[in-house]
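Undergrad: Sequence plus predicted model, see below.
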Amino acid sequence: MQSQVLKFNTRDKTEFYKTLRKRVNSYFNEKNITKYANHKMVIKTVFMLLLYFIPLILMLVGVADTTLSIILMWVLMGFGMSGIGLSVMHDANHGAYSKNSKTNKYLGALINLVGGYDVNWKIQHNVLHHSYTNIDGYDEDISKASVFRMSPFQEHKKYYKYQEFYAPFLYSIM
């Protein structure tokens, strides 16, 4: 996968880094907004948890007992699982959900309830993805996506021109 070793300067804060950090902090200060989750995110968190656990409970207690109702419950749970993973757990494991590190830790561990493992996710995402974000041949998140073209440097296949239509469906079942 990798043809040469990439090395980044992690010791010195470059002028670009300093300027970027200053502008980002200024943006949040000028707009008077927090870098952490607000009440809308808390509502979304509760909604996604309910979207996952209510169908599960309905199946366990036997309310959803027909094939069609069980399939519907699975679909709802899939949306809940996606919401938990793509927003709640993701932000928490980046330390962006709350100023409180314990809150981030517990919300980040929600991935364990929906079939993942938070320690593995932190390594896979924070180290393997964010070390080489969107660098073709190095970022595993874009390199292993053979049904999607994630970089202009990847080989072009005819069906990629339709990925805007099939990608949302495939992401939803992932």
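TA: Yep, that arrived.
Undergrad: Tally up the residues packed near Tyr117, please.
TA: For Tyr117, the count of nearby residues is 12 (other Cβ atoms under 10 Å). The C-beta positions use only the backbone N, C-alpha and C, and glycine is treated the same way.
Undergrad: Got the phi and psi for it?
TA: The phi and psi torsions at Tyr117 (degrees, to the nearest 10) take the values phi -140, psi 120.
Undergrad: who touches it in this structure?
TA: When the contact criterion is Cβ atoms under 8 Å, 6 or more residues apart in numbering, the partners of Tyr117 are Ile111.
Undergrad: how close does it get to Lys22?
TA: Going from Tyr117 to Lys22 by Cβ to Cβ, to the nearest Å gives 37 Å.
Undergrad: Distance check, Lys122 against His90.
TA: From Lys122 to His90 the distance is 11 Å (Cβ to Cβ).
Undergrad: Have a look at the two and say which one is more surrounded.
TA: Neighbour totals were compared for Lys122 and His90, and His90 leads with 17 against 14 (other Cβ under 10 Å).
Undergrad: how is this protein carved up into domains?
TA: 16-114, 133-174 (automatic domain parsing).
Undergrad: Quick one, which of those domains gets closest to Val5.
TA: domain 133-174 (9.7 Å; Cβ to Cβ).
Undergrad: Alright, I will stop here.
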